[in-house]
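> next one to model:
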Amino acid sequence: MSKRGREAMARVPLFASLSPRQLRRLADLTEEQRYMAGATIVREGETGDTFYVILEGEAKVVRGKGRVLNHLYPGDFFGEISLLDGGPRTASVVSATPLTMLALSRDAFLRLLRQEPAVATKLLQHAARLLRRIERTAAG
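Presented below is the predicted three-dimensional model:
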């Protein structure tokens, strides 16, 4: 994978604590995908099995009958919940312009976790920090 791919993955908070070697292994598992404007990348309610990082272009996060929740730009990402649990998508993502993205499949991600337990440990630590932050906010 290109340096651009490694850098894109390093900016994802979930992966930010990984070592350069671990980031390279992760980025090597991704594939570059391109979509035309108007394409539905993921559909709300469908089972998710891929995580995406936008390299070029813009997308919209849509829920229900077309309510736009957010706009995504280069460096933004989506699909991290489905990457971790394989559950249904919480929203749809539609390309607003032509898109170039990195895609990481759940199967490849789980294979990496089995091969590199240290990566799994770092991801669990990240999740624990998020839960603590949420707990402090809720209590505060």
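> wait, doesn't residue 22 sit right on residue 119?
Yes: contact status for residue 22 versus residue 119: in contact at 5.4 Å, counting by C-beta atoms under 8 Å. Just so you know, the C-beta spots here come from the backbone N, C-alpha and C atoms, and that holds for glycine as well.
> pick out whichever of those two has more residues nearby.
Neighbours per residue, other C-beta atoms under 10 Å: of residue 22 and residue 119, the larger number sits with residue 119, 21 against 17.
> my guess is that one contacts residue 21. True?
No: contact status for residue 119 versus residue 21: not in contact, 10.2 Å apart, counting by C-beta under 8 Å.
> any regions of this protein where pLDDT drops low?
Confidence mapping of the chain against pLDDT under 70 gives the ranges 1-2, 140.
> flag every buried residue along the longest helix along the chain.
Ranked by number of residues, the top helix in the chain under DSSP state H is helix 117-139. By neighbour count with 16 or more other C-beta atoms under 10 Å, helix 117-139 contains the buried residues 119, 122-123, 126.
> got it, and stretch 85-95?
For stretch 85-95, the buried set under the neighbour-count rule, 16+ other C-beta under 10 Å, comprises 89-95.
> helices of this protein, residue ranges please.
According to DSSP H, the helices that the chain contains are 3-10, 20-28, 80-85, 106-115, 117-139.
> just put these in a markdown table and tack on distance to residue 70.
Listed next are the helices of the chain as a markdown table, based on distance: least, C-beta to C-beta, whole Å:
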| stretch | distance to residue 70 |
| --- | --- |
| helix 3-10 | 19 |
| helix 20-28 | 25 |
| helix 80-85 | 14 |
| helix 106-115 | 23 |
| helix 117-139 | 19 |
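> so for residue 53, which of the ones you listed sits nearest?
For those, the distance to residue 53 is smallest for helix 3-10, at 4.8 Å, taking C-beta to C-beta.
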